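[1] Compute the structure for the input listed below.
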Amino acid sequence: MGGKDMIFDKGRLKYIVSGFLLLIAIVLFFAFNTSNVAADREVHISIEKLNKSIQDKINNNPELGLSSNPYDYIVDNDYYDYIISQGISSLPELESILKDSDTNGYNEYIIAIAMEEISMTNIRGVLGDPNVGWGSGKEFEKEWSDIRVNASDRIDTILRESNLSTKEKLTMIEYYGVLAVPAIESFLNTAESKLDNKLYSNLKNQLDKFAFGKNERLLLRDYLDFSIAKG
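    As a prediction, the model looks like this:
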């Protein structure tokens, strides 16, 4: 009788533990996604406030409205600074706003500036031509989308290219900024990465420079797989 009870208790305990772990996973999933939705909403609201604050500045200072330099509009702007402070978590929403926009003015250009600053990406460097890049927000979005989607594959190819020197590899990868982090992490877990001590140590240093936590790494990996569905 005691043996049967013991078997029953162990079996029941197994299902209880499994159910409890599943419940925790579900709670964490919804908490994480709710947090992401809230963060996206905050970024969206900040963009709206940023645009309004710029228009107010122009109205109060007509000379500013004559400036052709978009950077003049974000100097000492708390809303722009807030967006930057959110880091990589703001990139999906910024990209969505930029893609969905029906205009291509200074608002879109400023979003592109913010995305480049947050990601620490050098578009011209990635494209391999200092004379090629983006001159408007929409041009940036077109280049950015291709770079983001293909970043990991291209970086992995660079790291394994035998015709490139270590210095050339590091320079090319640095242009990708934070977009390179997942590919670097994957490469460092391979035996091949240990064959070049200089490359290995420099890549480790590059990861340490970003100092991303686990959550940020997950956000970044999700973002590289991020797709925008146009309605």
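[2] mean confidence for the helix or strand harbouring Ala183?
    In this assignment (DSSP states H and E), Ala183 forms part of helix 181-188. What helix 181-188 shows for mean pLDDT is 95.
[3] got the contact list for that helix?
    Applying C-beta atoms under 8 Å, 6 or more residues apart in numbering, the contact partners of helix 181-188 are 151-153, 155-156, 159, 173, 193, 200, 203-204, 206-207, 210, 212, 217, 220-221, 224. For the C-beta atoms, the positions are set from N, CA and C on the backbone; glycine is no exception.
[4] CA atoms of that helix as CSV?
    Backbone C-alpha positions of helix 181-188 (Å, rounded to 0.1, in the frame of the first residue of the first chain) are rendered in CSV as follows:
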residue,chain,number,x,y,z
VAL,A,181,26.5,41.0,-31.5
PRO,A,182,24.6,37.8,-32.1
ALA,A,183,26.8,36.7,-34.9
ILE,A,184,29.9,37.4,-32.9
GLU,A,185,28.6,35.4,-29.9
SER,A,186,27.8,32.4,-32.2
PHE,A,187,31.2,32.6,-33.8
LEU,A,188,33.1,32.7,-30.5
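[5] Any idea how many residues pack against Glu42?
    16 (other C-beta atoms under 10 Å).
[6] So what does the closest residue to it other than its chain neighbours have for phi and psi?
    Closest residue to Glu42 apart from its sequence neighbours, by C-beta to C-beta, 6 or more residues apart in numbering: Gln86 at 7.4 Å. Gln86 adopts backbone torsions of phi -80, psi -10, taken as degrees, to the nearest 10.
[7] is it true that Gln86 touches Asp40?
    No. If you go by C-beta atoms under 8 Å, Gln86 and Asp40 don't touch, sitting 10.0 Å apart.
[8] ok, the most centrally placed residue in the chain to Lys57 distance?
    Nearest residue to the geometric centre of the chain (C-alpha atoms, centre = their mean): Ile88, 4.1 Å. Counting by C-beta to C-beta, to the nearest Å, the separation of Ile88 from Lys57 is 28 Å.
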